[in-house]
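Novice: Need coordinates for the below:
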Amino acid sequence: MKLSTGELYTYLEDGVVEVFFRPAVEALGLSVEAQVRKLKSRSWAWTAQRAVQLPGDIQVRTHRVVDRKTLTMWLATINENNVPEEKRDQLVTFQKEAADALDRYWHEGGVVNHRATVEQLDELDRTVRRAREQAAVLAALRGIVDGAWLDARGRHVAAVALGMEPDIDLADRPLTVGEYLETRGLTGNSLRSLSPSFGKRVKALYRQKHGAEPSKVDRFIDGALRPVAAYTEAHRDLFDQAWLALLDTR
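Specialist: Prediction:
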């Protein structure tokens, strides 16, 4: 990504792409301190600090970082009138495209960036194929796995394949450790190695909040039916707390 004055620096943490915030803010002629305060007051924003030596620097320094979703949302919410005139056109162009994409997402079921690469389009195709495969597995599990979980999971799979937000009550929409970590950019060996310890963190937070163990449900893990903690989207705040705690220890 480029913002007026040049390329933004990014940082890879456990497969998650993070963007150094100061260069992005300064590229738009804004106050770094004011924008950091803004992020800290927004529920959609995620930010942290990393001790890194940037290219051209002679020592390790602490830098503010944000994830890609936070950067995109932040750019979309900047008041164009607070940006110097010579930098305004680029910001306005981005915000108009973002508004169009969001409108099409909610009202037409999805949108594809016209600049998407062949690899990105292939990934979309794989998402649809994966949804078909998951639907077939869910159908085969009727009478074996809890029916309420299957219904919620089926609606979730269908919504994801259609590029829509699943229309399921938060108390019913399943959320697994693996799915959550995938949204944080983890895949393959990184996801498999981190899942057990991350799951323990979430379970500890659940016990702390509810004073009891999470309920269990049978799900297929590595080809076998196993009892696992039955979390839903209503517990996402525990997953977020566990993720932030994990970042603080690294």
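
Novice: low-confidence ranges in this protein?
Specialist: Scanning the chain for pLDDT under 70 picks out 1-7, 13-15, 109-116, 118, 120-125, 127-128, 130-172, 218-225, 249-250.

Novice: hmm, 80 instead?
Specialist: 1-17, 53-57, 104-174, 187, 217-227, 247-250 (pLDDT under 80).

Novice: What ranges does it have for its strands?
Specialist: Residue ranges of the strands in the chain, as given by DSSP state E, are 10-13, 16-20, 47-52, 61-67, 216-221, 224-229.

Novice: Mind checking those strands for the one nearest to A34?
Specialist: A34 sits nearest to strand 61-67 of all the strands of the chain, at 12.8 Å, using CB to CB. Just so you know, the C-beta spots here come from the backbone N, C-alpha and C atoms, and that holds for glycine as well.

Novice: before we move on, the earlier item: so which of the strands of the chain is nearest L186?
Specialist: Comparing the strands of the chain against L186 with CB to CB, the closest turns out to be strand 16-20 (7.2 Å).

Novice: Outside of that closest one itself, which residues are in contact with it?
Specialist: By CB atoms under 8 Å, 6 or more residues apart in numbering, the surrounding residues in contact with strand 16-20 are 1, 8-12, 48, 50, 54, 63-68, 71, 184-186.

Novice: isn't A76 right up against E97?
Specialist: No: counting by CB atoms under 8 Å, A76 stays clear of E97, with 9.5 Å between them.

Novice: before we move on, back to that, dump the strands of the chain into a markdown table; add mean neighbour count and distance to T176 as well.
Specialist: What follows is the strands of the chain, written out as a markdown table (neighbours: other CB atoms under 10 Å; distance: least, CB to CB, whole Å):
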| stretch | mean neighbour count | distance to T176 |
| --- | --- | --- |
| strand 10-13 | 13 | 22 |
| strand 16-20 | 19 | 18 |
| strand 47-52 | 14 | 24 |
| strand 61-67 | 17 | 20 |
| strand 216-221 | 15 | 8 |
| strand 224-229 | 12 | 8 |
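
Novice: What is the neighbour count of F21?
Specialist: By other CB atoms under 10 Å, the residues close to F21 number 24.

Novice: whoops, N81 was the one
Specialist: Other residues near N81 come to 7 when the count uses other CB under 10 Å.

Novice: Much appreciated, bye for now.
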